[in-house]
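**Q** coords please:
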Amino acid sequence: MSSIVVRSAARAVQTRQFSLLTAMRNAGRAMESHPFERLPRTQKPASPDYAKMFKRVGSQALFFFPGFAVILGWPLAAQYAFDALEGVGVHFEWDDA
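**A** This is a model prediction of the structure:
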């Protein structure tokens, strides 16, 4: 018997290491209706579309930073509004007598 046949028979009998992560990944791939990953030798990698990425990040920033200014700045705006209204209206003073 040749050494190649002995080696291949030994590999067939040996148990592979069980990896929970690999088993979960294979189970997830089996449930997909389409293959998730591309075949690297049959397809060229997609070139990045930097203009589209910058446009998306820029449009998100237009809402993100003013939104945080409102969320974090309302106490300062309320203080300014109440200080501006301090001289307006009826004020009651309590007598200590």
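**Q** Show the average pLDDT along the one helix or strand residue 25 maps to.
**A** According to DSSP states H and E, residue 25 maps onto helix 20-31. Mean pLDDT, computed over helix 20-31, is 82.
**Q** Grab the longest helix from this protein for me.
**A** When the chain is parsed with DSSP state H, its longest helix is helix 50-84.
**Q** Low-confidence bits of this structure, can you list those?
**A** Counting by pLDDT under 70, the chain shows low-confidence ranges at 1, 12-17, 33-40, 87-97.
**Q** burial measure for residue 67, as a count.
**A** 10 (other Cβ atoms under 10 Å). All C-beta spots, glycine's among them, are computed from the backbone N, C-alpha and C.
**Q** how close does it sit to residue 5?
**A** Residue 67 is 69 Å from residue 5, where distance means Cβ to Cβ, to the nearest Å.
**Q** In terms of secondary structure, what does the helix holding residue 25 contact?
**A** Using 3 or more Cβ pairs under 8 Å, 6 or more residues apart in numbering; DSSP states H and E as the contact test, no helix or strand touches helix 20-31.
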